[in-house]
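Asks: Just a sequence and a predicted model for now, questions to come.
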Amino acid sequence: MQQAVDKILGRHRDNDAGAVEAPLSEREKRQVERLKREAKQINEWLQQHPQERKSAKGNPRLSNRTDNESAKMPTNKGVVQGYTGVAAVDEKHQVIVEAQAHGSGSEQELLLPMVEALDELRAGHTIVAADSGYYSEDNLKQLEAKGIEAFIPDNGYRKRDPRYAGQEHYKAKPDPLWDKSEKPAAKPRLFRPCDFQVAADFSHCICPAGKRLYRNGSNCNIGGRKAIKFTGAQRDCGKCPLRAQCLRHPQRSKVRQVAIFMGKHDQAEEKASERMKRKIDSERGREMITRRFATVEPVFGNLRGNKKLNRFTLRGRGKVDGQWKLYCLVQNIEKLAHNGYAR
C-alpha cells in the first residue's frame with residue numbers, strides 16, 4: 001500500500017516536471033488517504049498480533065484485512081481466499097464424528113488437531129486413513145509416538161501403484177472447468193546433476209560445457225542419502241558462456257557445485273516417511289487407500305453436490321466453523337433417517 005502511495009506521488013511529480021508542481025486532484029487525495037489509513041490499520045494489527053498468523057513452520061500466513069482469520073489457499077483452479085473444512089468419518093455408517101474449519105493454507109497442520117479431537121472415540125484397534133494433503137514427516141513421527149496406526153499416502157504413490165498405470169492418458173484430456181491452454185511461459189531449466197558425466201572412478205565429472213569439476217567430498221550424508229560432491233574451477237566457470245544455464249545466481253555465484261547421490265547412507269536413520277511408503281505400497285496399504293476413498297469421498301460429494309455447499313458464505317472462523325458443522329449435522333441426520341431412526 002505504501003508502494004502504491006509512492007507510485008501515485010511519483011507519477012504526479014513526473015507529470016509536473018519542469019513546471020510548478022500542481023496540487024493532487026481530489027480523487028488522488030482520497031486514494032492516498034485511503035491507502036495510508038488501511039496500511040496503518042494493518043501495521044497496528046500486526047504489532048498487536050505478532051504470532052497469530054504464523055503457520056506451523058513459522059512462515060507468515062497470507063490473509064487479508066477483511067477477514068484476517070481466513071487464508072490464501074492454492075487450488076487446482078487458482079488461489080482462493082477462505083477456509084479449509086476437514087471432517088473425520090467412520091467407515092461403518094459414514095457418520096461424521098468430527099468436523100472443523102480452519103483458516104489455513106495447508107492441510108498438514110490440521111491432522112494432529114483432528115486426531116486429538118478423536119481421542120475419546122478412538123479404540124486401540126482404530127486406524128486413521130487420510131489423504132496425501134496431510135502427509136509430512138512431522139505428522140508421521142507424532143502419530144508413531146502416540147502409537148496410532150495410520151495410512152497416509154505421499155504425493156507420488158500413484159506412480160508406484162500398478163493400478164494407476166496409464167493415467168497419463170486421462171491427464172492429457174482438456175479440463176472442462178478451467179482453460180489450461182494459456183499457461184505462463186516456463187522459466188528456462190538449469191542444468192541438473194544428470195546433465196553432468198561422472199567418471200568411472202568418481203574422481204571428476206564433465207559439465208555440459210566440457211569442463212572438468214573436481215571431487216571435494218566422497219561420503220557426504222545429505223538428507224540420509226550418500227552423495228559425492230564435485231566443484232568447478234573458477235578459471236573455467238568465471239568465463240563460461242553457459243553460466244546463466246548453470247548457476248541459479250550467476251551474478252554472485254563463482255563456481256558450480258554438483259552432488260551425485262549414490263543411494264541411502266550407511267549412517268542414515270530410517271525416516272517415518274520411508275516406513276509409511278512401505279506400508280502404502282503393501283497390499284494392506286493399497287486396501288486402506290481404497291477403503292478411505294469409499295468412506296470419505298461420498299460424504300464430501302454429498303455435502304458439495306447434493307447439499308450445495310460449494311463455498312462458505314460467512315466471515316470469521318467461528319461463524320464458518322459453525323456453518324461447516326451445521327452442514328455436517330444435516331448429513332448425519334440424513335444418515336440416521338435412512339437407517340430407520342426416523343420411524
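Replies: Now that the structure is in, tell me what you want to look at. Numbers count the residues shown, from 1 in each chain.
Asks: Packing partners of the lengthiest helix in the chain?
Replies: Across the chain, the longest stretch assigned as helix under DSSP state H is helix 26-48. Other helices and strands packing on helix 26-48, by 3 or more Cβ pairs under 8 Å, 6 or more residues apart in numbering; DSSP states H and E, are helix 2-15. For every residue, glycine as well, the C-beta is placed using N, CA and C.
Asks: which residues are contacting the helix it packs on?
Replies: Applying Cβ atoms under 8 Å, 6 or more residues apart in numbering, the contact partners of helix 2-15 are 21, 24, 28, 31-32, 35-36, 39.
Asks: Just name the closest of those residues to Val299, please.
Replies: Ala39 (43.2 Å; Cβ to Cβ).
Asks: Could you pull up the residues touching the closest residue to Tyr157 other than its chain neighbours?
Replies: Closest residue to Tyr157 apart from its sequence neighbours, by Cβ to Cβ, 6 or more residues apart in numbering: Ile280 at 5.2 Å. Counting by Cβ under 8 Å, 6+ apart, Ile280 touches 151-154, 157, 286, 289.
Asks: 7 Å instead, please
Replies: By Cβ atoms under 7 Å, 6 or more residues apart in numbering, Ile280 lies in contact with 151, 153, 157.
Asks: Turn those residues into JSON lines, columns for pLDDT.
Replies: Shown next, in JSON lines, are these (pLDDT from 0 to 100):
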{"residue": "Phe151", "pLDDT": "96"}
{"residue": "Pro153", "pLDDT": "95"}
{"residue": "Tyr157", "pLDDT": "90"}
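Asks: These into CSV, with extra columns for secondary structure and distance to Ala272?
Replies: Shown next, in CSV, are those (DSSP: H, G, I helix; E, B strand; the rest coil; distance: Cβ to Cβ, whole Å):
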residue, secondary structure, distance to Ala272
Phe151, strand, 13
Pro153, coil, 14
Tyr157, helix, 15
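Asks: which one of those is nearest Ala99?
Replies: Distances from Ala99 to these, taken by Cβ to Cβ, are shortest for Phe151, at 21.1 Å.
Asks: The closest one: neighbouring residues, count only.
Replies: 20 (other Cβ atoms under 10 Å).
Asks: And for the one 5 residues further on?
Replies: Close neighbours of Gly156, defined as other Cβ under 10 Å, add up to 10.
Asks: ok, it to Ala337 distance?
Replies: 41 Å (Cβ to Cβ, to the nearest Å).
Asks: now swap in Leu143 and tell me
Replies: With Cβ to Cβ as the criterion, Leu143 and Ala337 are 35 Å apart.
Asks: Name the residue in these two with the higher neighbour count.
Replies: Taking neighbours as other Cβ under 10 Å, Leu143 and Ala337 compare with Leu143 leading, 21 against 11.
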